[in-house]
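**Q** take a look and give me a structure for this.
(2 chains)
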Amino acid sequence: MTTTTTVPALAPRRGFGRFLLYAVAVAVLLVIVIPLTFSVLGGFRSNGQLAADPVGLPDPWVWSNYQTTLSNPAFYSQLRNSVVIALVATILVLPAASLAAFVIARYRFRGREVIYTLFTLGLLFPVAVAILPLFITLRQTGLLNNPLGVALPQAAFGLPLSIVILRPFFRSIPRDLEDAAAIDGCGPLRFYWSVMLPLSRPVLSTIAVLTIVGSWNAFLLPLLVLIQPDQWTLPIGVNNISAQYVTDTAAILAYTTLAMVPALVFYFIAQRQIVSGLTAGGVKG
Amino acid sequence: MTTQNNISASSRSGRVKGAPGVAPWPVIVGFLLPAVILYSVFVLYPITQSFRYSGFDWNGLEPLTNWVGFGNFQKAFADPLFIEAIRHNAIIIGLSLLLQIPFAVALAVLLNRNLRGKGVFRTMYFAPFVLSEVVTGVVWRQIYRPEGLFDQILASVGGQGLTHEWLADPNIVLYSLFFVISWKYFGFHMVLILAGLQLIPTELEEAAAIDGATWWQGFRYVTLPLLGPTIRVSMFLSIIGALQLFDLIWVTTKGGPVNASSTMATYLVDWAFRRGQFGYASAVSVIVFGLSLIVALFYQRFVLRRDLQGALTG
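**A** Model prediction:
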């Protein structure tokens, strides 16, 4: 985001108007923060406390819910599976999307627009539409209960957004650069590898981040594909805990809180890529 | 656009083979191959298979023998529960466009007014977007419990009479879930619109102010029209998202109580994986696919035409 370069818009001069703006902004902030805080603090309560007073600070603080989760091998196995699937999907998307977007952006060939349109159509279709035949395909190829059975489709469904973000960027690289490279005897592959990729590191990291977030949060696909508990990812684990320990709210909240920590930490670190990537795709197309 | 002109000009002037703009076809094919294979196997092929399965009465296991033609489609449109599911998707779309997007616009305008701590607000508003719908759903299910956090907060501000079975009352559940959807997604739309706002030169609003326009007039006749393209993209993403709504519903209510919060996607998954009717569920997925496509084409034709040039039209 280029917030630093913009001139601030007219600010209300009078004190009361200004106060009102802050009041609204803070009220919305509370609506966002309270549910998250509720989850974090809920993990520190007993079920009795949660029923009696879910609002204030825990009294006394109960550590056992978080301890139980943190000593639960299933939690670590789900964390590991989520990480592996997100990494594999990203490692697949980056080269596939950047190679394709590169030729689509820089070269003329028959069928270019058709291929590009087919990719953009993918933006419209959630996994839910293709899930039945996808499930059958994975069953036939023996990819059920296999992390690849989630990572491969996840990468495939990540291609449209990646290509839509990459194409205008690749297109904006001046042609003089390519001419100069060609004079030096640099073919398309060399040009892609030694000029384009280094130049597009920020966009590529945006795509990596978006793919990781998408894969990390995926639910339907892993729910159907990963049947054995030792293959589950975190969302499946959270869903299962919340269905299995219906009455143990404190345990559910502790597990859920710990499951959202990696996503939030990742967001605060990679914020710039996430926001700039999504807005680049949406604002200028 | 200049790049495109350059490329076509260079190829028309017939420069040396292998020069930029043209590449030997094995290179083109080689570069496209990984993405095309991945995409064909895991996206295009399954979608075409959905069309094939939709013509059969099929449980997903036996050979495809029981051809029923359009029978599954007739069955779907004759099922009041499916029509209900479509209606729920439509309600979510309507509420998103009428409430969520205007709210996002309002907050973006507010944050754009040189507010101190703007970065913090923006970061926090956007944060729920990165959480999975599963985590969101599980936390909100606890918040909405009878005498849970939501009820207690209502009571503490004098709204004792307003407490409800937020997720168990068929008349309310959809609106309770819409609130959660807005909680999770308005920040995304706000950030999108904020980025659009920052492309508008402030001189325009200042000029309007100097000419004696009130703040509202400046917003209504200067800012809003210039923000049009961004808002339309935001609306489009919101519609597509609402058509595909699944995870959040599945985790909180599974479409219940008594189908009061079902969507096309929960209906589809329910028929396929709980009742084993893959043929019928495939027909439903073809309908979802068709509706998304119609909405996208219609929207692109009449609303987005100018805005998305380059993104969806090439």
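**Q** can you give me the pLDDT of A:Val283?
**A** Looking at A:Val283, its pLDDT is 46.
**Q** oh sorry, the question was meant for B:Pro63
**A** pLDDT, B:Pro63: 80.
**Q** give me the distance between it and chain A.
**A** Relative to chain A, B:Pro63 is positioned 12 Å away (C-beta to the nearest C-beta, to the nearest Å). Backbone N, C-alpha and C define where each C-beta goes, glycine included.
**Q** can you tell me the helix or strand for that residue?
**A** Per DSSP states H and E: B:Pro63 is located in neither a helix nor a strand.
**Q** and residue 269, what element?
**A** Going with chain A. Judged by DSSP H and E, A:Ile269 forms part of helix A:249-279.
**Q** oops, wrong one, chain B.
**A** Per DSSP H and E, B:Val269 falls inside helix B:264-269.
**Q** the helix or strand that that helix is followed by and chain A in contact?
**A** Downstream of helix B:264-269, the next assigned helix or strand under DSSP H and E is helix B:278-299. Yes - using C-beta under 8 Å from any C-beta of the partner chain, we find that helix B:278-299 touches chain A at B:278, B:281-282, B:285, B:288-289, B:292-293, B:296.
**Q** just the C-alphas of helix B:278-299, formatted as PDB.
**A** Only the C-alpha atoms of helix B:278-299 are listed here, as PDB (Å, rounded to 0.1, in the frame of the first residue of the first chain):
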ATOM      1  CA  PHE B 278     -23.500 -38.200  -6.500                       C
ATOM      2  CA  GLY B 279     -25.500 -37.900  -9.700                       C
ATOM      3  CA  TYR B 280     -28.100 -35.600  -8.200                       C
ATOM      4  CA  ALA B 281     -25.500 -33.600  -6.300                       C
ATOM      5  CA  SER B 282     -23.500 -33.100  -9.500                       C
ATOM      6  CA  ALA B 283     -26.600 -31.600 -11.100                       C
ATOM      7  CA  VAL B 284     -26.800 -29.200  -8.200                       C
ATOM      8  CA  SER B 285     -23.100 -28.300  -8.700                       C
ATOM      9  CA  VAL B 286     -23.800 -27.700 -12.400                       C
ATOM     10  CA  ILE B 287     -26.600 -25.300 -11.400                       C
ATOM     11  CA  VAL B 288     -24.300 -23.500  -8.900                       C
ATOM     12  CA  PHE B 289     -21.700 -23.300 -11.700                       C
ATOM     13  CA  GLY B 290     -24.300 -22.000 -14.200                       C
ATOM     14  CA  LEU B 291     -25.600 -19.400 -11.800                       C
ATOM     15  CA  SER B 292     -22.100 -18.100 -11.000                       C
ATOM     16  CA  LEU B 293     -21.300 -17.900 -14.700                       C
ATOM     17  CA  ILE B 294     -24.500 -16.000 -15.500                       C
ATOM     18  CA  VAL B 295     -23.900 -13.600 -12.600                       C
ATOM     19  CA  ALA B 296     -20.300 -13.100 -13.700                       C
ATOM     20  CA  LEU B 297     -21.200 -12.600 -17.400                       C
ATOM     21  CA  PHE B 298     -24.100 -10.300 -16.600                       C
ATOM     22  CA  TYR B 299     -22.200  -8.300 -14.200                       C
END
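**Q** same question for it, mean pLDDT?
**A** 89.
**Q** how about that helix: buried residues?
**A** B:278-289, B:292, B:295-296, B:299 (16 or more other C-beta atoms under 10 Å in any protein chain shown).
**Q** same check on stretch B:74-83?
**A** Neighbour-count burial for stretch B:74-83 [16+ other C-beta under 10 Å]: B:75-76, B:82.
**Q** before we move on, what about stretch A:234-243?
**A** Buried, per 16+ other C-beta under 10 Å, within stretch A:234-243: A:234-242.
**Q** so which of the residues you listed also contact chain B?
**A** A:234-236, A:238-239, A:242.
**Q** related to what we said a few turns ago, could I get the buried residues of stretch A:234-243 in CSV, plus columns for distance to A:Pro73?
**A** Below are the buried residues of stretch A:234-243 laid out as CSV (distance: C-beta to C-beta, whole Å):
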residue, distance to A:Pro73
A:Leu234, 14
A:Pro235, 18
A:Ile236, 15
A:Gly237, 11
A:Val238, 16
A:Asn239, 18
A:Asn240, 14
A:Ile241, 14
A:Ser242, 19
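**Q** so the residue positioned nearest the centre of chain B versus B:Gly119, what's the distance?
**A** Taking C-alpha atoms, centre = their mean, the centroid of chain B lies closest to B:Gly241, which sits 1.8 Å from it. Distance, B:Gly241 to B:Gly119, by C-beta to C-beta, to the nearest Å: 26 Å.
**Q** swap in B:Arg113?
**A** Taking C-beta to C-beta, one finds B:Arg113 at 14 Å from B:Gly119.
**Q** go on, A:Val261?
**A** Per C-beta to C-beta, A:Val261 is found 22 Å from B:Gly119.
**Q** B:Phe179 now?
**A** Going from B:Phe179 to B:Gly119 by C-beta to C-beta gives 26 Å.
**Q** one more: A:Val114?
**A** In terms of C-beta to C-beta, A:Val114 sits 43 Å off from B:Gly119.
**Q** more neighbours: which of the two?
**A** Just comparing A:Val114 and B:Gly119: by other C-beta atoms under 10 Å in any protein chain shown the higher neighbour count belongs to B:Gly119, 13 against 10.
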